[in-house]
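>>> can you look at this prediction? I've put the sequence above it.
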Amino acid sequence: MSEASIAELQEGIAELREQVSALTALVQRGGHRKRALDEVDEELAGAVQVLAAAREAELRQLTAEQAMVLRRRVMEVQGQLGKGRSRRPGGESYVNLTPKQVQPKWATVEAAQRLVEADLQKLEEAEQATGPSKDEITAARGRISLVTKQRLAAHVGAGESLPPWLQAAVGSMPRPDPEPWVKAAHLVLAFRVEHEVTDPILPLGTKPSGDDAYSARRAAEYKKIAEELNKLHALGGASEFKP
């Protein structure tokens with residue numbers, strides 16, 4: 001038997017051992033697989049699907065500021081294109097693509113026309129981007145909030161250890177008043193489920209970036225939860241809340 005075959009066989013044996021170990025643990029727990037706190041199962045699948053559809057619609061939308069910038073640029077460039085060639089700031093062949101108070105960015109008339117067409121298309125597509133209704137989104141978020149709160153209470157009540165991502169975010173439950181800890185832990189858990197965060201270490205996943213409507217909303221939620229975590233850790237430094 002070749003070395004490659006032996007190595008392949010050893011890998012297969014290692015995988016089988018892991019599977020046997022997992023099955024043994026499952027049997028020891030009475031045949032029930034231990035559910036992860038942030039697992040999306042039949043309890044949450046419908047709500048998560050609604051929010052995923054809403055997210056796809058948001059990714060095609062523009063923020064109010066972005067839409068305003070595009071409309072302003074379209075108006076200014078169209079105004080220049082509508083002037084006689086001799087009256088354009090850039091002369092007969094060029095148009096300024098930036099606002100008057102910004103350093104001019106000159107483009108040919110043809111390029112400016114293509115830019116206007118592209119901007120108008122972006123605005124049209126953003127207006128046509130539709131997803132679930134506000135009521136459906138509100139119901140989905142409410143469902144996620146309720147289920148995650150129940151899971152967290154059951155998990156802590158059973159004395160289960162926290163997953164690394166939650167331990168990194170909130171640490172151990174403080175005494176005598178655990179309410180700020182519970183609030184922060186629930187916010188983190190609900191955020192992970194809603195935004196389908198799967199990072200095993202980072203509680204909220206990577207910091208949101210992007211210039212679409214969804215990224216802007218997620219960044220605002222990320223910031224709000226980060227502030228709650230900062231407040232929690234400040235409480236953790238006080239003697240009455242020290243674990």
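Looks like it came in fine.
>>> for the protein, which segments are assigned as helices?
Remark: helices assigned in the chain by DSSP state H are 3-28, 45-59, 64-81, 109-128, 134-157, 164-170, 179-194, 213-236.
>>> buried deepest among these, which one?
helix 179-194 (a mean of 21; mean count of other CB atoms under 10 Å). For every residue, glycine as well, the C-beta is placed using N, CA and C.
>>> other residues contacting that one?
37-38, 40, 44, 48, 51, 141, 144-145, 148-149, 151-152, 156, 165-166, 169-171, 173-174, 197-198, 203-205, 221-222, 224-225, 228-229, 231-232, 235, 241 (CB atoms under 8 Å, 6 or more residues apart in numbering).
>>> that one: how far from the chain's middle?
15 Å (CA atoms, centre = their mean, to the nearest Å).
>>> again, but for stretch 196-210
Using CA atoms, centre = their mean, the distance between the centre of stretch 196-210 and that of its chain works out at 7 Å.
>>> show the end-to-end separation of it, please.
17 Å (CA to CA, to the nearest Å).
>>> and the contacts of it?
Here stretch 196-210 makes contact (CB under 8 Å, 6+ apart) with 38, 40, 48, 52, 163-166, 168-169, 188, 191-192, 195, 215-216, 218-219, 222, 225-226, 229.
>>> which positions in that stretch come out as buried?
Using 16 or more other CB atoms under 10 Å as the test for burial, stretch 196-210 gives 197, 203-205, 208.
>>> cool, stretch 169-176 as well?
169-171, 174.
>>> that older thread, select, out of the helices of the chain, the one closest to residue 100.
Ranking those by proximity to residue 100 (CB to CB) places helix 64-81 first, at 7.8 Å.
>>> identify all contacting residues around that closest one.
With CB under 8 Å, 6+ apart as the criterion, helix 64-81 contacts 62, 88-90, 95-97, 99-100, 109, 112-113, 115-116, 119-120, 122-123, 126, 211.
>>> return the helix or strand in the protein with minimum mean pLDDT.
helix 3-28 (a mean of 57; mean pLDDT, DSSP states H and E).
>>> chain neighbours aside, what residue packs nearest to residue 41?
Distances taken as CB to CB, 6 or more residues apart in numbering place residue 35 nearest to residue 41, at 6.7 Å, with adjacent residues excluded.
>>> what's that neighbour sitting at in phi/psi?
Main-chain dihedrals, residue 35, degrees, to the nearest 10: phi -90, psi 140.
>>> that one and residue 151, how far apart?
8 Å (CB to CB, to the nearest Å).
>>> and for these two, which residues touch both?
By CB under 8 Å, 6+ apart, no residue touches both residue 35 and residue 151.
>>> any weak-confidence spans in this structure?
The model of the chain has pLDDT under 70 over residues 1-33, 90-91, 129, 235-243.
>>> please parse it into its domains.
1-34, 43-60+133-241, 64-128 (automatic domain parsing).
>>> quick one, what contacts the closest residue to residue 136 other than its chain neighbours?
Excluding the flanking residues, the one nearest residue 136 by CB to CB, 6+ apart is residue 50, at 5.4 Å. Residue 50 makes contact with 132, 136-137, 139-140, according to CB under 8 Å, 6+ apart.
>>> could you redo the last one with a cut-off of 7 Å?
132, 136-137, 140 (CB atoms under 7 Å, 6 or more residues apart in numbering).
>>> and what of residue 104?
Here residue 104 is in contact with 96, 98 (criterion: CB under 7 Å, 6+ apart).
>>> quick check: it vs residue 203, distance?
Taking CB to CB, one finds residue 104 at 46 Å from residue 203.
>>> what of residue 160?
From residue 160 to residue 203 the distance is 17 Å (CB to CB).
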